[in-house]
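Colleague: Starting from these lines, generate the structure:
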Amino acid sequence: MLLIHEIKTGKLSDILNKISLILLVAVVVTLPFQVKLNSICIILFSVSILINLGIKGVFQRLSFLNYLFISFFALHCIGMIYTSNLKAGGFELEKKLALIIFPLFLGVFQINKEQFSKVLLGFVISCFIGITYLFLVAFTKYLIFDHSAYFFIGRFTGPLNGIHRVYLAMYFVFSISCCIYFIKDRIFPQIANLWFFLAIFCFSVGVFLVSARMSLFVYLILMIRYLYSFLYVRKNYVLGIIVIIVMVASFSFIVNNTRMLGKITEVFRDLDKGNSKRNTSSANLRVIKWKSAVRLYFDNLLIGVGTGDASDELVSLYAKENFFWGLKHRYNAHNEFLEIAVTLGTLGLILWLAILLIPLWLSLKYNQYLYIEFIFIFASCSFTESMLNAQKGVIFYALFNTLFFVQITKVIKAHKQQAIKKA
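Modeller: You can find the predicted model right below:
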């Protein structure tokens, strides 16, 4: 009887909403760490939404763009019909489950701006804990083995459950964007800004130590944008000077570090060695992968090779072209746009572009700059990596894209209501 009374008065729904919010924070906090723990949090969050709203309630709240996001996963399911490698296809669907889970359950979960900011803060704190741990491990190993290599690239990121440095660098860059958003929009008390400045500095150092080139490029572009915003738009010279200091320190770090310079100049190395064993530059190996992926795409223009066949078909091309490293490591396309084009053809590529560009257009229209930066970060990284080929990329994109979309939907409704009142 008490349970029925709580349902009638709406108290049970409020309790479930609070539980869902706690579980959502748990999802973002565990994202940089254990995949299994993160998956458990995602399942619990989804179940809490399902208990609260029911299946009918979930589908009643879905919007057009929610269905657009879900259709991308559905297209991967259709790709299973004509794939030859069902086992690999099933594994791909398993990795991409977040593409349907978050639009379905997070897409109908209503949170206000304060709660939204706290969720973002949870992710920033989690990444800060992660990078602090990496600094401590690297410093400890440096003291024991007297070797600075533990501060760079794979040896630096290794202790964090083997997360690939590309995803970690992307997390750090997005965390910087969140910290700037907190400071700029005065989301939290001013005393918290001191910690945000410290976090920005630590994440900036982390981006350079990880040495993922595209993330470095994105980081520098965003820092230039912040500099312009603070100095010329907002006339906030204090924040502008801080950005300048961080940029100068970062540039000095590159110039005075042979490992960093090596990673950057690697782009121009081995250009004359083609696909031979002597071509060991990751930047130039990508060119061979991209050429193979483009060729495979044009051979399967409309619907692609199917959800499970992309890797097998690429390796087959690598064999024909005597691409030693591609055969040895079974490289994917190392470009998410090409990966989708190869797997799902032109139909899949058009859908993916729509999923990126429609939210980008809405964000520009309604001045949702953090959403713009998120799309820019993820799309840019997708040019040199198949970002949706690992759970760390899929969950990051599906989670935050849906979270931002929920917020922009509220902004659009508010604008429409204001327009009606004025009319």
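Colleague: Could you tell me how far the strand or helix carrying residue 342 lies from the centre of the chain?
Modeller: Using DSSP states H and E, residue 342 sits within helix 336-365. Counting by CA atoms, centre = their mean, to the nearest Å, helix 336-365 is centred 15 Å from the centre of its parent chain.
Colleague: Tell me the helix or strand right after it.
Modeller: Scanning onward from helix 336-365 (DSSP H and E), the first element met is helix 369-381.
Colleague: now for the helix or strand just after that following helix, which elements pack on it?
Modeller: Counting by DSSP H and E, the next helix or strand C-terminal to helix 369-381 is helix 391-422. If you count contacts as 3 or more CB pairs under 8 Å, 6 or more residues apart in numbering; DSSP states H and E, helix 391-422 packs onto helix 35-61, helix 64-78, helix 98-105, helix 113-145, helix 165-184, helix 336-365, helix 369-381. Using the backbone N, CA and C atoms, a C-beta is placed for each residue, glycine as well.
Colleague: For the helix holding residue 342, which helices and strands make contact with it?
Modeller: helix 64-78, helix 282-299, helix 310-320, helix 369-381, helix 391-422.
Colleague: List the buried residues in that helix.
Modeller: Burial within helix 336-365, assessed by neighbour count using 16 or more other CB atoms under 10 Å, is assigned to 336-345, 347-349, 351-352, 355-356, 359-360, 362-363.
Colleague: re the thing from before, looking at the helices and strands packed on helix 336-365, which is closest to residue 185?
Modeller: Residue 185 sits nearest to helix 369-381 of all those, at 8.9 Å, using CB to CB.
Colleague: List every C-alpha atom in the closest one, with coordinates, as PDB.
Modeller: Provided in PDB are the C-alpha atoms of helix 369-381 (Å, rounded to 0.1, in the frame of the first residue of the first chain):
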ATOM      1  CA  TYR A 369      29.700  26.100 -27.800                       C
ATOM      2  CA  LEU A 370      30.700  23.200 -25.600                       C
ATOM      3  CA  TYR A 371      28.600  20.800 -27.800                       C
ATOM      4  CA  ILE A 372      30.400  22.300 -30.800                       C
ATOM      5  CA  GLU A 373      33.800  21.700 -29.200                       C
ATOM      6  CA  PHE A 374      32.800  18.100 -28.400                       C
ATOM      7  CA  ILE A 375      31.800  17.400 -32.000                       C
ATOM      8  CA  PHE A 376      35.000  19.100 -33.200                       C
ATOM      9  CA  ILE A 377      37.200  17.000 -30.800                       C
ATOM     10  CA  PHE A 378      35.600  13.700 -31.700                       C
ATOM     11  CA  ALA A 379      35.200  14.300 -35.500                       C
ATOM     12  CA  SER A 380      38.900  15.500 -35.700                       C
ATOM     13  CA  CYS A 381      40.200  12.500 -33.900                       C
END
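Colleague: relative orientation of that helix and helix 391-422 in degrees?
Modeller: 150 degrees (axes from the mean of the first three to the mean of the last three CA atoms, to 10 degrees).
Colleague: how about low-confidence regions in the stretch 101-250 of the chain?
Modeller: Low-confidence segments of the stretch 101-250 of the chain (pLDDT under 70): 146, 154, 162, 250.
Colleague: try 90 this time
Modeller: 107, 110-113, 134-135, 137-166, 184-194, 197, 201-202, 204-217, 220, 223-250 (pLDDT under 90).
Colleague: hang on, the earlier thing: Throw the helices and strands packed on helix 336-365 into CSV and include mean pLDDT, mean neighbour count and distance to residue 186, thanks.
Modeller: Formatted as CSV, these follow (pLDDT from 0 to 100; neighbours: other CB atoms under 10 Å; distance: least, CB to CB, whole Å):
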stretch, mean pLDDT, mean neighbour count, distance to residue 186
helix 64-78, 91, 17, 29
helix 282-299, 85, 18, 41
helix 310-320, 88, 18, 46
helix 369-381, 96, 21, 14
helix 391-422, 89, 17, 17
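Colleague: could you dump those helices to CSV with distance to residue 331?
Modeller: Shown next, in CSV, are the helices and strands packed on helix 336-365 (distance: least, CB to CB, whole Å):
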stretch, distance to residue 331
helix 64-78, 21
helix 282-299, 5
helix 310-320, 7
helix 369-381, 17
helix 391-422, 16
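Colleague: So which of those helices is nearest residue 18?
Modeller: Among the helices and strands packed on helix 336-365, helix 391-422 sits nearest to residue 18 (CB to CB), with 17.1 Å.
Colleague: If I take that closest one and helix 336-365, what angle do their directions form?
Modeller: 30 degrees.
Colleague: any idea of the angle helix 391-422 forms with helix 35-61?
Modeller: 30 degrees.
Colleague: Now do helix 391-422 and helix 64-78, the angle between them.
Modeller: Going by the same axes, to 10 degrees, helix 391-422 makes 150 degrees with helix 64-78.
Colleague: how far away is residue 169 from residue 370?
Modeller: With the distance defined as CB to CB, to the nearest Å, residue 169 ends up 19 Å from residue 370.
Colleague: just residue 240 next, same as before
Modeller: Going from residue 240 to residue 370 by CB to CB gives 19 Å.
Colleague: What about the residue lying closest to residue 61 once chain neighbours are set aside, how many residues nearby?
Modeller: Counting by CB to CB, 6 or more residues apart in numbering, residue 61 lies nearest to residue 108, which is 3.8 Å off, once chain neighbours are set aside. Counted with other CB atoms under 10 Å, residues neighbouring residue 108 total 20.
Colleague: For the remainder of this discussion, apply numbering that starts at 560.
Modeller: Got it, the first residue is 560 from now on, which makes the last one we talked about residue 667.
Colleague: any idea how far the host helix or strand of residue 785 is from the chain center?
Modeller: Residue 785 is located in helix 772-787, with elements delineated by DSSP H and E. Remark: helix 772-787 is offset 16 Å from the chain centroid, using CA atoms, centre = their mean.
Colleague: orientation of that helix relative to helix 724-743 in degrees?
Modeller: Using the same axes, to 10 degrees: helix 772-787 against helix 724-743 is 10 degrees.
Colleague: Need the helices and strands packed on helix 950-981 in TSV (columns: distance to residue 969).
Modeller: Listed next are the helices and strands packed on helix 950-981 as TSV, based on distance: least, CB to CB, whole Å:
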stretch	distance to residue 969
helix 594-620	13
helix 623-637	13
helix 657-664	16
helix 672-704	8
helix 724-743	17
helix 895-924	12
helix 928-940	12
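Colleague: which stretch among those comes nearest residue 588?
Modeller: helix 672-704 (4.4 Å).
Colleague: Buried ones in that closest one, by neighbour count?
Modeller: Buried residues in helix 672-704 (16+ other CB under 10 Å): 674-687, 689-690, 693-694, 696-697, 700.
Colleague: Helix or strand next in line after it, which one?
Modeller: helix 712-716.
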